[in-house]
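Asks: Turn this into a structure:
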Amino acid sequence: MPLVRAIAREVIVWAQPALIPLLRTATGIDQLLPLHDGAPEVEYDVDVEIMELAYVFRSTLETIPAAVPYLLADPVALCETGTPRIGLAWRAGGWDSRRSIPFELLTSIFEMPAISCWSLQHEPHTHERHEHLRQLNTSGLLQTAQAMRALDLIITIDGMSAHLAGALGVPVWTLLSNDPDWRWMEDRSDSPWYPTMRLFRQHRAGAWKPVIDAVIAALATARG
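Replies: Numbering: from 1, shown residues only. Next up, the predicted model:
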């Protein structure tokens, strides 16, 4: 938004109501309006979809605005565990189930010594429970952001949680299917959009176990 604000007299963002509390923390926005069917009740000269801004500014890998954090949230208070706090999200929305990871594959992470695991999964299914997995408040995006700020690392599938963690500037490992969204590009383990993000890629459709094995190995290395 700061790039838009630099060339615009006023920046009005028309966004889903659930996003507005968090977007209030971003710079470069003059007015926030709740999205609804129809047209916004405001006068404007130009409208642009947010996904079109990279084209509008002719962004390259070198000029992508990647200064983080650009969304802000105060961390919630969590009980002291004395170990690194790892937050996990494993299930995507129903429109692209290829991004989701079967819950049972994650149990080997939950059972690793010297870490504590916290669920960032909104409305987990009944079977998605484990004795070493604690639930965080993810009732809204602001609450999810506050939970993320209290964690040492986020491990997530390609979804809202990955982009939110990246925008908050918290360390995040994003686990990608073999044919991911174009923003993750190809053959990269980092993201030019989010400097605190590391990518773990699936090399064969549906083969999540090698990805989880790579994550476990990386966690073991990070713990020294």
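
Asks: CA atoms for contacts and neighbours, from now on please.
Replies: Will do.

Asks: which stretches of the protein aren't confidently modelled?
Replies: 223-224 (pLDDT under 70).

Asks: can you list the domain ranges for it.
Replies: Domain ranges of the chain: 2-56, 85-222, per automatic domain parsing.

Asks: among those, which is the most enclosed?
Replies: Ranked by mean neighbour count, these are led by domain 85-222 with a mean of 18 (mean count of other Cα atoms under 10 Å).

Asks: I'd like the domains of the chain as CSV, with distance to L71 appended.
Replies: Formatted as CSV, the domains of the chain follow (distance: least, Cα to Cα, whole Å):
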stretch, distance to L71
domain 2-56, 5
domain 85-222, 5
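
Asks: Which residue ranges of this protein form strands?
Replies: 12-15, 31-34, 85-89, 116-119, 133-135, 153-157, 172-176, 197-201 (DSSP state E).

Asks: so can I have CSV of these showing distance to F103?
Replies: Shown next, in CSV, are the strands of the chain (distance: least, Cα to Cα, whole Å):
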stretch, distance to F103
strand 12-15, 32
strand 31-34, 35
strand 85-89, 10
strand 116-119, 11
strand 133-135, 12
strand 153-157, 12
strand 172-176, 14
strand 197-201, 17
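
Asks: mind checking which of those is nearest R58?
Replies: strand 12-15 (20.8 Å; Cα to Cα).

Asks: thinking W14 is in contact with D30, fair?
Replies: No: in this structure, W14 is not within contact of D30 by Cα atoms under 8 Å, at 11.2 Å.

Asks: In contact with the most centrally placed residue in the chain, which residues are there?
Replies: Geometric centre of the chain, nearest residue: A162, 2.0 Å, by Cα atoms, centre = their mean. The neighbourhood of A162, defined by Cα atoms under 8 Å, 6 or more residues apart in numbering, consists of T156, V172, W173, T174.

Asks: So in terms of bridging, what pairs with the second one?
Replies: Just to be clear, that refers to V172. Judged by DSSP bridges, the bridge partners of V172 are I154, M197.

Asks: what about the longest helix in this structure?
Replies: Determined from DSSP state H, the single longest helix within the chain is helix 209-222.

Asks: CA atoms only: put that one into CSV for me.
Replies: Output in CSV follows, covering the C-alpha atoms of helix 209-222 (Å, rounded to 0.1, in the frame of the first residue of the first chain):
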residue,chain,number,x,y,z
LYS,A,209,5.9,-37.9,3.6
PRO,A,210,9.3,-36.8,2.1
VAL,A,211,8.3,-33.2,2.7
ILE,A,212,7.6,-34.0,6.4
ASP,A,213,10.8,-35.9,6.7
ALA,A,214,12.7,-32.9,5.3
VAL,A,215,11.0,-30.7,7.9
ILE,A,216,11.9,-33.0,10.7
ALA,A,217,15.5,-33.0,9.6
ALA,A,218,15.5,-29.2,9.4
LEU,A,219,14.0,-29.0,12.9
ALA,A,220,16.6,-31.4,14.3
THR,A,221,19.4,-29.3,12.7
ALA,A,222,17.9,-26.0,14.0
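
Asks: helices and strands around it, which ones?
Replies: With contacts taken as 3 or more Cα pairs under 8 Å, 6 or more residues apart in numbering; DSSP states H and E, helix 209-222 sits against strand 197-201.
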